[in-house]
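1. got a predicted structure plus its sequence, pasted below:
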Amino acid sequence: MQSLSFSEKELFGGSITANVPTAWTDLSNIRQVPDNQECFIDITGLATLIFELNERVEKENDEEAVIFHLSDIFEESPYKIWKSWRLDAGEAPQLDGIPAYAMLLTTPYVENRRDRVGHESQFVALAVVIIRLEKQKTDIVITANMPHSLQEAAAETTICPPGYEAEKGIPADYVWTPENAGQPLKNLLDIIEQGVKTFNIHDFGLFVNEEE
């Protein structure tokens, strides 16, 4: 797997712009996509990047809201959070103090095909960013999915499917760092870094404003 190049794309009619992988396809050219989503796909490997506008989740704090969104994404599927952090101004310069949270996660590889059942050592790595717009009553959820093939999963030593930490030699007190990540995971990190660093809301009229 090679590294990626990126280019700016207009999202939601140009109200938002962000960088996405240049070679990826706008999924709306293939099938219908909900109006609150912009989706891009690598048709050669089925990795995806999704920008989604959701009604703001009202919880006691942002942490509980983030947990709610994760439960909505994964439903009852198991997942593991390898790293979570609040984005700073250098990571999201266009958000100007708007709270935004990022996570790196893995799930089991769930795709089953008629000719080959998904191997338990395969998994999907995900990067999820949640941007919380209070006045606009909106939570923006950015999700990048990077399926790992059997060979890629075997070669990746910094993360693994949830529950396989011992098998992969990952200790209970392990602190994830990206230094030794394989190329698929590096691409995932690049996708979310590029998408967030260039994420720019040009027209807040796209959202509902509580003052209106």
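-> Right, received. Where do you want to start?

2. so in this structure, which helix runs the longest?
-> Taking DSSP state H as the criterion, the chain has its longest helix at helix 183-197.

3. got the buried residues for that helix?
-> Neighbour counts using 16 or more other C-beta atoms under 10 Å place 184-185, 187-197 of helix 183-197 among the buried residues. In this view, the C-beta of every residue, glycine as well, is placed from N, C-alpha and C.

4. now the most centrally placed residue in the chain, what's its secondary structure?
-> Geometric centre of the chain, nearest residue: Thr143, 2.5 Å, by C-alpha atoms, centre = their mean. The three-state assignment at Thr143 reads strand, by DSSP: H, G, I helix; E, B strand; the rest coil.

5. please apply the same query to Gly205.
-> helix.

6. ok, it - how many residues close by?
-> Other residues near Gly205 come to 10 when the count uses other C-beta atoms under 10 Å.

7. gap between it and Phe12?
-> Taking C-beta to C-beta, to the nearest Å as the measure, Gly205 falls 11 Å from Phe12.

8. can you check Thr22 too?
-> Counting by C-beta to C-beta - Thr22 and Phe12 are separated by 20 Å.

9. compare the two (neighbour count), which wins?
-> Each of Thr22 and Phe12 has its neighbours counted (other C-beta under 10 Å); Phe12 has more, 18 against 11.

10. packing partners of the longest helix of the chain?
-> Here helix 183-197 touches strand 16-21, strand 48-55, strand 100-108, strand 123-133, strand 138-148, going by 3 or more C-beta pairs under 8 Å, 6 or more residues apart in numbering; DSSP states H and E.

11. now that helix against strand 123-133, angle please.
-> Interaxial angle of helix 183-197 relative to strand 123-133 (axes from the mean of the first three to the mean of the last three C-alpha atoms, to 10 degrees): 10 degrees.

12. can you show me the CA trace of helix 183-197 as PDB?
-> Taking C-alpha atoms only, helix 183-197 is exported to PDB below (Å, rounded to 0.1, in the frame of the first residue of the first chain):
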ATOM      1  CA  GLN A 183       1.500   1.900   5.900                       C
ATOM      2  CA  PRO A 184      -2.300   1.300   6.100                       C
ATOM      3  CA  LEU A 185      -2.400   2.900   9.600                       C
ATOM      4  CA  LYS A 186      -0.100   5.700   8.500                       C
ATOM      5  CA  ASN A 187      -2.500   6.400   5.600                       C
ATOM      6  CA  LEU A 188      -5.400   6.500   8.100                       C
ATOM      7  CA  LEU A 189      -3.600   9.000  10.300                       C
ATOM      8  CA  ASP A 190      -2.800  11.100   7.300                       C
ATOM      9  CA  ILE A 191      -6.400  11.100   6.100                       C
ATOM     10  CA  ILE A 192      -7.800  12.300   9.400                       C
ATOM     11  CA  GLU A 193      -4.900  14.800   9.900                       C
ATOM     12  CA  GLN A 194      -5.400  16.300   6.500                       C
ATOM     13  CA  GLY A 195      -9.200  16.300   6.800                       C
ATOM     14  CA  VAL A 196      -9.200  18.100  10.100                       C
ATOM     15  CA  LYS A 197      -6.300  20.500   9.500                       C
END
